[in-house]
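[1] Return a 3D structure for these sequence lines:
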Amino acid sequence: MKACGVIVEYNPFHNGHLYHLKKAREESQADVMVAVMSGNFLQRGEPAVVDKWQRAQAALSNGADLVVELPFQYACQAADIFAKGSVQTLAQLQCDSLCFGTDYETSFDYNYFGRQLNFRAEEIAALFKEKADQKRTYPQIMQEVYQTLFALPPVEQVLPNHILGLSYAKENAQLQKPMNLIAIKRQKAGYHDLAVTDEKIASATAIRRLLVANENVADFVPKEMAQALKQPNISWQQFWPYLRYRLISSTVEELLEIYQMELGLALKLKEVAVKQSEFITFLKDVKSKHFTVTRIQRQLCYVLLNIRTEEITNAWQNNYLRILGFTVNGQKYLNQIKKNVTWPILARVGKSGAKQVPLTLRSDEVYRLASKEIKEQNFGQMPLIVN
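    Alright, predicted model coming up:
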């Protein structure tokens, strides 16, 4: 069986994602669609609007055959680490191709470019270090680095999906057996588009804004996700009392023990946490040229979950495949490949789970603090089966 992989968050799963899965299957001619999906805390440092099981259910009901969780140690990270964990997971699952959405307007050979990125890795790192002094975001800096080194045509805005695609290409080129990369142009709604411009397709960002405004989003999502979104929608606001307590009660020295924490940011977080009682105003006051919203939110995840550097590095040394669900076809494929998979395959988390998936357990237990309606995320949970 031929498999095509996708790297996703589905926050929430919407009609654009349905189109992507359908198009990916067509372009790759795959028998099986494999989704590596972030858990309950996401790449931009946000809690998922609904939990991973409901997002997996929507995916399996609308084109995915196998959904595997991307663990916290990779999911809540900058593009390079996020891409590394995702691509390696798809490689373990023996995918023949990787399909992703792009916001780049013209045709682009990601397969060739990935090989070039590795060939010129030292030049890229040196130029990135030089540009990084300009206090801009990672995508902004990387976009300029690539334009400078590879004479790419300038673009009017930062293209986050394109930059992420380049990160996938770089990691993919390092595999012993690289996957074929297939880029699909995003349809009608870009990742950061706030406005709804189509009757059926809106960006996840626009949908979340509609949810905050208590607007009906049923036209933009499949029925499974529409049902899930009737439950309390999770955001940073529900975690703010817990996070604020952590920031106020911790000393600066204790905060500096948190993964990726810098002194200047630790001081700023403590200062603003005392003054602001609402998360939105807190985040607005902390944001600066040096600390972007995404950087701050990821750091806040690490603070909320009390993540230490050694915990992340240890987790990187203990990879596994957590199966969230499959269709009959996906189960058949998993049975076909499992003898050749070198990472442990976890269909369920038992009593030894604290040692197997410690960061996943911690992050999911904290995630459940947001609402009494969030079910147990690990113990006793078997993979979803969708016929």
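
[2] where do the strands sit along the stretch 51-200 of the chain?
    Under the criterion DSSP state E, counting those that start in this stretch, the stretch 51-200 of the chain carries strands at the ranges 66-70, 97-102, 180-185.

[3] Throw those into CSV and include mean pLDDT and mean neighbour count, thanks.
    No exception for glycine: its C-beta is placed from N, CA and C like everyone else's. Output for these, formatted as CSV (pLDDT from 0 to 100; neighbours: other CB atoms under 10 Å):
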stretch, mean pLDDT, mean neighbour count
strand 66-70, 98, 28
strand 97-102, 95, 23
strand 180-185, 93, 18
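
[4] closest to S352 out of these?
    strand 66-70 (17.5 Å; CB to CB).

[5] Partner strands of the closest one and their direction?
    Its sheet considered, strand 66-70 pairs with strand 32-38 (parallel), strand 321-327 (antiparallel) by DSSP bridges.

[6] how big is the angle separating the helix or strand following the last one from strand 321-327?
    Okay, so that is strand 321-327. Next in sequence after strand 321-327, counting helices and strands by DSSP states H and E, comes helix 328-337. In terms of direction (axes from the mean of the first three to the mean of the last three CA atoms, to 10 degrees), helix 328-337 departs from strand 321-327 by 140 degrees.

[7] Just the CA trace of helix 328-337, in CSV.
    Output of helix 328-337 as CSV, limited to C-alpha atoms (Å, rounded to 0.1, in the frame of the first residue of the first chain):
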residue,chain,number,x,y,z
VAL,A,328,-10.1,0.0,8.4
ASN,A,329,-7.7,0.9,5.6
GLY,A,330,-5.4,2.7,8.0
GLN,A,331,-5.4,-0.3,10.4
LYS,A,332,-4.5,-2.6,7.5
TYR,A,333,-1.6,-0.3,6.5
LEU,A,334,-0.4,-0.1,10.1
ASN,A,335,-0.4,-3.9,10.4
GLN,A,336,1.6,-4.0,7.1
ILE,A,337,4.4,-1.8,8.2
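
[8] Can you list the neighbours in contact with the following helix or strand past it?
    Once the chain leaves helix 328-337, the next helix or strand it forms, by DSSP H and E, is strand 345-346. Strand 345-346 has contacts (CB atoms under 8 Å, 6 or more residues apart in numbering) with 320-323, 334, 338, 356-357.

[9] Restricting to C-alpha, output the very next helix or strand once past strand 345-346 in PDB.
    Per DSSP H and E, the first helix or strand lying C-terminal to strand 345-346 is helix 353-356. Output in PDB follows, covering the C-alpha atoms of helix 353-356 (Å, rounded to 0.1, in the frame of the first residue of the first chain):
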ATOM      1  CA  GLY A 353       2.800   5.800  30.700                       C
ATOM      2  CA  ALA A 354       4.500   8.300  33.000                       C
ATOM      3  CA  LYS A 355       7.800   6.900  31.900                       C
ATOM      4  CA  GLN A 356       6.800   6.400  28.300                       C
END
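
[10] can you pull the buried residues of helix 353-356?
    For helix 353-356, burial by neighbour count (16 or more other CB atoms under 10 Å) applies to Q356.

[11] who touches the helix or strand just after that helix?
    The first helix or strand that comes after helix 353-356 along the chain, using DSSP H and E, is helix 358-367. Contacts with helix 358-367, where a contact means CB under 8 Å, 6+ apart, come from 39-41, 47-48, 51, 69, 71-73, 234, 239, 242, 304-307, 311-312, 315, 322, 349, 353-354, 374, 377-378.

[12] In PyMOL, how would I select the buried members of the residues you listed?
    Per 16+ other CB under 10 Å, the buried members of the contacts of helix 358-367 correspond to this PyMOL selection:
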select buried, resi 39+40+41+47+48+51+69+71+72+73+234+239+304+305+307+311+312+315+322+349+374+377+378
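
[13] picking that back up, looking at the strands paired with strand 66-70, which is buried most?
    By mean neighbour count, with neighbours taken as mean count of other CB atoms under 10 Å, strand 32-38 ranks first of the strands paired with strand 66-70 at a mean of 27.

[14] Looking at the strands paired with strand 66-70, spot the one closest to V87.
    Closest among the strands paired with strand 66-70, once you apply CB to CB, is strand 32-38, at 8.7 Å.

[15] between that closest one and strand 97-102, what angle do the directions make?
    60 degrees.

[16] can I have strand 32-38 written out in CSV, keeping just the CAs?
    What follows is strand 32-38 as a C-alpha-only set of coordinates in CSV (Å, rounded to 0.1, in the frame of the first residue of the first chain):
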residue,chain,number,x,y,z
VAL,A,32,-3.6,5.6,2.6
MET,A,33,-3.5,9.1,4.0
VAL,A,34,-1.4,9.4,7.2
ALA,A,35,-1.8,12.5,9.4
VAL,A,36,0.8,13.5,12.0
MET,A,37,-1.3,15.8,14.2
SER,A,38,-0.2,18.0,17.2
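
[17] average pLDDT for it?
    Strand 32-38 carries an average pLDDT of 98.

[18] How about stretch 111-120?
    Averaging the model's pLDDT scores along stretch 111-120 yields 87.

[19] List the buried residues in that stretch.
    111, 113-117.
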